[in-house]
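Enquirer: sequence below, structure please.
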Amino acid sequence: MIEISNIAIPLGTLDGTVESEKHIVEQHVLKKYHLTKAQIASFELRRRSIDARKKSDVHLMFTVRIALVGGKEKERAFLRRLAHHRQDRNVRTVDEVPPRFPQRHTSTLDERPIVVGAGCAGLFCALTLAEAGLSPLLIERGDDAERRTARVSRFNETGLLDTESNIQFGLGGAGTFSDGKLQTGTKSPLHRLILETFVEAGAPERILWDAKPHVGSDILPHVVTNIVHRIEEAGGEVRFRCRLDDIYLAQDGSISGIHVTQEHEGIERGEDIAAHEVVLACGHSARDVLELLHKKQVTLERKTFAMGARIEHLQAQIDKAQYGPAAGHPALGAAPYKLVSHLPSGRSAFSFCMCPGGYVVAAASEEGGVCTNGMSLSDRAGTNANAGILANVFPEDLPGDDPLAGLSLQRSCERKAFELGGGAYQTPAQLVGDFLKGQPSSAAGTVQPTYPRGVTWGTIEPALPPYIAETLRAAIPQMGKHLKGFDVADAVLTGVETRSSSPVRVVREKDGQSVSTRGLWPCGEGAGYAGGIMSAAADGISCAEHLIREIRE
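Expert: Here you go, the predicted structure:
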């Protein structure tokens, strides 16, 4: 195929619909490269981004791929013509072999592989194993999407927390209720396969070409449900309300089985399941699983993680700061941002999981603790923008040598936030201006907090380690220099945000297995090897490929 990049389209010609954009970009290509529609065998958008470097000239940039009628011979002639007229700077040929799931074989295993956790790592690992013919068992401590959504809604309305099914636990993992952002800083040939799988499962087609794709927390439950159906159709089994409680080891230290507790209609039943291959994709909030691994002497290590608070602004303010006079154009949508501040102290702060037109969510999974996260619906039409504003906790910041010390710090901060919120899972809140001055707040300004359990005005600082609070206080004004209005006095801080990533890594070999426990395959965010939906899903696929290779060799 032929790829054409750097296609600039002014906003004045666009109405914000996918159909309009496809038509206008195609007409641009036909006109610029002297082609007719009859000469095009296929036309595909590959990338769409917003160029807002000049606020007076905000426009869209596209990359497309076309195939010409007549195949490679016609494409070579087309390229020769461009080269002759020196018009080939943004045109190249591509001949990629798209990644696919492994070829299906009849399984020769005595016991089927078990995947623990139905977040994105676990889902894509189980899907890969199922497509390969290995009939995996996928267990998830939380509920399916429909029941999980109901549990989250009940918690938001009443404060009744289900510690097994909440923002953190249940089908789709933490990503289900965090906007479904699919952008990633990692590069993997698997990303296209993951995006195509999401689209086949019901995600909007635009994620295939959007530079900052997202699904939305209103659509993602449907998408992950369809992925479960695909796993089952391929021969896998999926069990919900099924919690891992123990791991059994053989005399040589390898995996021999697990013990689970299955809940059905309020009745719990324990079960031993024999297994020699267990994929651990439990997510970053499964603290009891990490404590179990430590007890079983599985090799763990501390890793850097981040904590801080959620910051909320009026979305219209962010739109104006990012897009200038073009703010509000339907082709632009709600503006995102990504900020980082490197300080003289050697520490840094950064924005995380920015949710345009979104909402702060109550992300607790343990009784007596408060933590926050953010989400957006597919239309990103909320009044506020929110993002985590975080600073790193390094292993050397923690006392002693306990690999689980980061979990203890997270837990203590969440319990302090619960106390500051006054109980009932309300969260402490503080205006940015007051936080910068080191004084408590008493009421909201123009920005009304969206945290669903309600806020208690005062100060968030006692719920954070001093070095985190000091770093945020120094960084927010610096960020305001890069994004006008970011440090506005009546922006709202709610806290704490403690679950951005796992503070623990389950150490694994290059072949994907635990360095200490053969047959244990750690993957995804909870194991310390991913940081978002795309990287977790890619790690899940890679883990499954390692396991398949081990079995077939």
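
Enquirer: tell me the pLDDT of residue 110.
Expert: For residue 110, the model assigns a pLDDT of 82.

Enquirer: report how many residues lie close to it.
Expert: 8 (other C-beta atoms under 10 Å). In short, each C-beta sits where N, CA and C put it, glycine included.

Enquirer: got phi/psi on it?
Expert: Main-chain torsions, residue 110, degrees, to the nearest 10: phi -70, psi -40.

Enquirer: return the residues in contact with it.
Expert: residue 276 (C-beta atoms under 8 Å, 6 or more residues apart in numbering).

Enquirer: cool, and residue 418?
Expert: 368-370, 425.

Enquirer: closest to residue 222 among the residues you listed?
Expert: Nearest to residue 222 out of these is residue 425 (C-beta to C-beta; 27.3 Å).

Enquirer: could you pull out the strands for the stretch 1-150 of the chain?
Expert: Ranges of strands within the stretch 1-150 of the chain are 2-10, 40-51, 59-68, 91-93, 114-116, 137-140, based on DSSP state E, counting those that start in this stretch.

Enquirer: need the winner for burial among the ones you listed.
Expert: Sort the strands of the stretch 1-150 of the chain by mean neighbour count, taking mean count of other C-beta atoms under 10 Å, and strand 114-116 sits at the top with a mean of 30.

Enquirer: hmm, back to that, could you tell me the least trusted of the strands of the stretch 1-150 of the chain?
Expert: strand 91-93 (a mean of 91).

Enquirer: just checking, what packs against that one?
Expert: strand 2-10, helix 72-84 (3 or more C-beta pairs under 8 Å, 6 or more residues apart in numbering; DSSP states H and E).

Enquirer: mean confidence for the longest one?
Expert: Just to be clear, that refers to helix 72-84. 88.

Enquirer: off-centre distance for it?
Expert: Counting by C-alpha atoms, centre = their mean, to the nearest Å, helix 72-84 is centred 41 Å from the centre of its parent chain.

Enquirer: okay, buried residues for it please.
Expert: 75, 78-79, 82 (16 or more other C-beta atoms under 10 Å).

Enquirer: ok so, going back, so which of the helices and strands packed on strand 91-93 gets nearest residue 296?
Expert: strand 2-10 (50.2 Å).

Enquirer: direction included, what does that closest one pair up with?
Expert: Strand pairing for strand 2-10, determined by DSSP bridges: strand 59-68 (antiparallel), strand 91-93 (antiparallel).

Enquirer: before we move on, back to that, quick one, which of the helices and strands packed on strand 91-93 is nearest to residue 112?
Expert: Taking C-beta to C-beta, strand 2-10 is the member of the helices and strands packed on strand 91-93 nearest to residue 112, at 42.1 Å.

Enquirer: which outside residues touch that closest one?
Expert: Contacts of strand 2-10 (C-beta under 8 Å, 6+ apart): 21, 24-25, 28-29, 33, 46-47, 51, 59-68, 75, 78-79, 90-94.

Enquirer: again, only using 6 Å
Expert: For strand 2-10, contacts defined as C-beta atoms under 6 Å, 6 or more residues apart in numbering pick out 59-66, 75, 90-94.

Enquirer: tilt between it and strand 40-51?
Expert: 50 degrees (axes from the mean of the first three to the mean of the last three C-alpha atoms, to 10 degrees).

Enquirer: and the helix or strand bottoming out on mean pLDDT in the chain, C-alpha only, in PDB?
Expert: Least confident helix or strand, the chain: helix 72-84 with a mean of 88, by mean pLDDT, DSSP states H and E. The C-alpha coordinates for helix 72-84 follow below in PDB (Å, rounded to 0.1, in the frame of the first residue of the first chain):
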ATOM      1  CA  LYS A  72       2.000  -2.900  -7.200                       C
ATOM      2  CA  GLU A  73       2.700  -2.000 -10.800                       C
ATOM      3  CA  LYS A  74       0.400   1.000 -10.700                       C
ATOM      4  CA  GLU A  75       1.700   2.000  -7.300                       C
ATOM      5  CA  ARG A  76       5.300   2.000  -8.600                       C
ATOM      6  CA  ALA A  77       4.300   4.100 -11.500                       C
ATOM      7  CA  PHE A  78       2.600   6.500  -9.200                       C
ATOM      8  CA  LEU A  79       5.700   6.800  -7.000                       C
ATOM      9  CA  ARG A  80       7.900   7.400 -10.100                       C
ATOM     10  CA  ARG A  81       5.600  10.200 -11.200                       C
ATOM     11  CA  LEU A  82       5.900  11.900  -7.700                       C
ATOM     12  CA  ALA A  83       9.600  11.500  -7.700                       C
ATOM     13  CA  HIS A  84       9.900  13.100 -11.100                       C
END
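
Enquirer: what sits up against it?
Expert: 2, 68, 88, 91.

Enquirer: rewinding a little: looking at the buried residues of helix 72-84, which one is closest to residue 317?
Expert: residue 82 (44.6 Å).

Enquirer: ok, which stretches of the stretch 401-550 of the chain are helices?
Expert: If DSSP state H, counting those that start in this stretch is used as the criterion, the helices of the stretch 401-550 of the chain fall at 405-421, 432-437, 466-482, 533-552.

Enquirer: mind giving me the packing neighbours of the last one?
Expert: Taking 3 or more C-beta pairs under 6 Å, 6 or more residues apart in numbering; DSSP states H and E as the contact definition, the neighbouring helices and strands of helix 533-552 are helix 120-131, helix 190-200.

Enquirer: buried residues, that helix. List them.
Expert: Here helix 533-552 shows 533-548, 551 as buried, counting by 16+ other C-beta under 10 Å.

Enquirer: and for the shortest one?
Expert: Across helix 432-437, burial judged by 16+ other C-beta under 10 Å covers 432, 434-436.

Enquirer: want to try CSV for those, with pLDDT as columns?
Expert: Output for the buried residues of helix 432-437, formatted as CSV (pLDDT from 0 to 100):
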residue, pLDDT
432, 98
434, 98
435, 98
436, 98
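
Enquirer: and the contacts of helix 72-84 as CSV, adding distance to residue 203?
Expert: Putting the contacts of helix 72-84 into CSV (distance: C-beta to C-beta, whole Å) gives the following:
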residue, distance to residue 203
2, 27
68, 30
88, 35
91, 30
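
Enquirer: could you find the closest non-adjacent residue to residue 380?
Expert: In this structure, residue 380 finds its nearest non-sequential neighbour in residue 357, 3.5 Å apart by C-beta to C-beta, 6 or more residues apart in numbering.
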